[in-house]
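Asks: need a 3D model of the following:
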Amino acid sequence: MSLFDSTPPGPSDSGSAKRPLAERMRPERLEDYIGQEHILGPDKPLRRQIERDELTSIILWGPPGVGKTTLAKLIARVTRCEFIPFSAVLSGIKEIKAVMADAEKLRRLGKRTILFIDEIHRFNKAQQDAFLPYVERGDIILIGATTENPSFEVIAALLSRSRVYALRGLTVPEIVALLQRGLPAVDLSASEELLEQIAIYANGDARQAYNTLEAAAAASPGGELTVAAVQDAMQRRVLLYGKGGEEHFNLISALHKSVRSSDVDAALYWLVRMLEAGEDRLYIARRLIRMASEDIGLADPRALEQSIAAMQAVHFLGIPEGDLALAQAAIYLSMAPKSDAAYRAMGVVRDDVQNTIAEPVPMNLRNAVTGSMKAWGYGEGYQHAHNFENAVVDMACLPPSLAGRQYYSPSDRGMEKRIAERLEEIRRLRRRGAETPK
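Replies: Predicted coordinates for the structure are as follows:
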């Protein structure tokens, strides 16, 4: 089970009705914690650590409202540790040192301290470094909570001394169970269908679900939760998304791979997810332009035109009118024939540029802009293609060490099929020698 209490609030809650419902519903026993069975189920690693009182510093990584703070408090209660909450948003080095001094005194008195750092990813490197000596000496057991990937946001030294546990968003049934237990606290009854709607809207976030229930309760006269009250409380769904966080990159990756896979429906879904979350439209347009070159290329040269046009439309129209241009481009790219021949060719050329000697430009390719340069051999041996019947010459244009290299291998899809035929013709003509001049 996850985040909040699975039983109605007890008598101790009667004097705290002004506190947010989500806060009132926090459990006081580990058995009442709902969700995260993958780490807290029987014989699961974190459960064993807690029950055996063998806890080390840990990082709780997961989306908002899945029980990170609640779990940290329960761990402190079960292990009989002093619990000190610490906000990365409000605190700096000075506050860290003060808290560490208190923790060190408690250790000398035989008491262990759990230091809970909410949003640990907001601490910079120097602030995170400040915890290390105290973690190493055992003055504190550090529990960090973060919504961002700790591999990117927590320093390596702290990560190596901690165990990372990934918490998952709550399922609809789990949130419905939480809401059912919260109904007595707001003096309401409600249908299963309405609670499911709140749970779907909450998107795995129990705090969001409780806040919605509390807001709907205030607008539900007669002790019965109404459809109108729930709709008013939900208003508009707010999607989990951080423009600089991992989900930002996950979603653009999903869009790119859907376009590459020619899955137009999935491409539209991920595009709208990003639009609804408030993503920068020009960022999306730039990525669509990249897809047009990387995954479609000359199989359909108009894909690049469509993407550039969408970027210009977004810039000209703004939001929301420009969003349709992005959708149009995403559909076009998804349906277009695919080829990464140009992308692969660039990679092979780049390898040669990096791994071979940088030879001088052959003399026949240089311009003789002065008489002296002509005397030195600049332009000697150059064959002007337009002077030949098929505009094809057998003149070497690559450096001597790379003579004969073929980088571009077009696919047989779309326009590139015709390009492949033309390329083969050109290479055949070059192999047999240039035709006679006009």
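Asks: bridged to I143, which residues?
Replies: Beta-bridge pairing of I143, defined through DSSP bridges, involves I58, F116.
Asks: tell me the contacts of it?
Replies: Taking CB atoms under 8 Å, 6 or more residues apart in numbering as the contact definition, I143 lies against S57, I58, I59, L60, A72, I75, I114, L115, F116, I117. From N, CA and C alone the C-beta is placed, and that goes for glycine too.
Asks: same check, this time on D53
Replies: By CB under 8 Å, 6+ apart, the contact set of D53 is T79.
Asks: any figure for the gap between it and I75?
Replies: Computed as CB to CB, to the nearest Å, the D53 to I75 distance reads 10 Å.
Asks: next: E276.
Replies: Taken as CB to CB, the spacing of E276 relative to I75 amounts to 36 Å.
Asks: quick one: which of those two has more around it?
Replies: More neighbours surround I75 than the other of E276 and I75, with 22 against 14 (other CB atoms under 10 Å).
Asks: run a quick neighbour tally on the closest residue to that one other than its chain neighbours.
Replies: Leaving out its chain neighbours, the residue that sits closest to I75 by CB to CB, 6 or more residues apart in numbering is I50, at 5.8 Å. For I50, the neighbour count with other CB under 10 Å is 17.
Asks: now the one 5 residues further on
Replies: Other residues near L55 number 19, with proximity taken as other CB under 10 Å.
Asks: can you pull the contacts of it?
Replies: Remark: with contacts taken as CB under 8 Å, 6+ apart, L55 is in contact with Q49, I75, T79, I141.
Asks: swap in 6 Å and give it another go.
Replies: L55 makes contacts with Q49, T79, I141, as judged by CB atoms under 6 Å, 6 or more residues apart in numbering.
Asks: in stretch 212-228, what counts as buried?
Replies: Within stretch 212-228, the residues that count as buried by 16 or more other CB atoms under 10 Å are T212, L213, E214, A215, A216, A217, S220, L225, T226.
Asks: what is the nearest of those to G322?
Replies: Ranked by distance to G322 (CB to CB), these are led by T212 at 31.6 Å.
Asks: Three-state assignment for the closest one, please.
Replies: Each residue gets one of three states, and T212 gets helix by DSSP: H, G, I helix; E, B strand; the rest coil.
Asks: same deal with E424?
Replies: Reducing the assignment to helix, strand or coil with three-state DSSP, the entry for E424 is helix.
Asks: over to A145?
Replies: Assigned with three-state DSSP, A145 falls in the strand class.
Asks: in this structure it contacts K68, no?
Replies: Yes - taking CB atoms under 6 Å as the definition, A145 is a contact partner of K68 at 4.0 Å.
Asks: can I take it that the residue nearest to I75 is in a helix?
Replies: Yes - secondary structure assignment places I50 in a helix (three-state DSSP).
Asks: where in the stretch 301-438 of the chain is pLDDT low?
Replies: Across the stretch 301-438 of the chain, residues meeting the criterion (pLDDT under 70) sit at 433-438.
Asks: ranges for the strands of this protein?
Replies: In the chain, the segments counted as strands under DSSP state E are 58-61, 82-87, 113-118, 141-146, 163-166.
Asks: mean pLDDT and distance to H386 for these - can I get that in JSON lines?
Replies: Written out in JSON lines, the entries for the strands of the chain read as follows (pLDDT from 0 to 100; distance: least, CB to CB, whole Å):
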{"stretch": "strand 58-61", "mean pLDDT": "94", "distance to H386": "63"}
{"stretch": "strand 82-87", "mean pLDDT": "84", "distance to H386": "72"}
{"stretch": "strand 113-118", "mean pLDDT": "89", "distance to H386": "71"}
{"stretch": "strand 141-146", "mean pLDDT": "92", "distance to H386": "64"}
{"stretch": "strand 163-166", "mean pLDDT": "93", "distance to H386": "64"}
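Asks: any chance of the ones you listed in TSV, plus distance to L195?
Replies: Output for the strands of the chain, formatted as TSV (distance: least, CB to CB, whole Å):
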stretch	distance to L195
strand 58-61	27
strand 82-87	31
strand 113-118	28
strand 141-146	27
strand 163-166	27
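Asks: many thanks, I have nothing further to ask.
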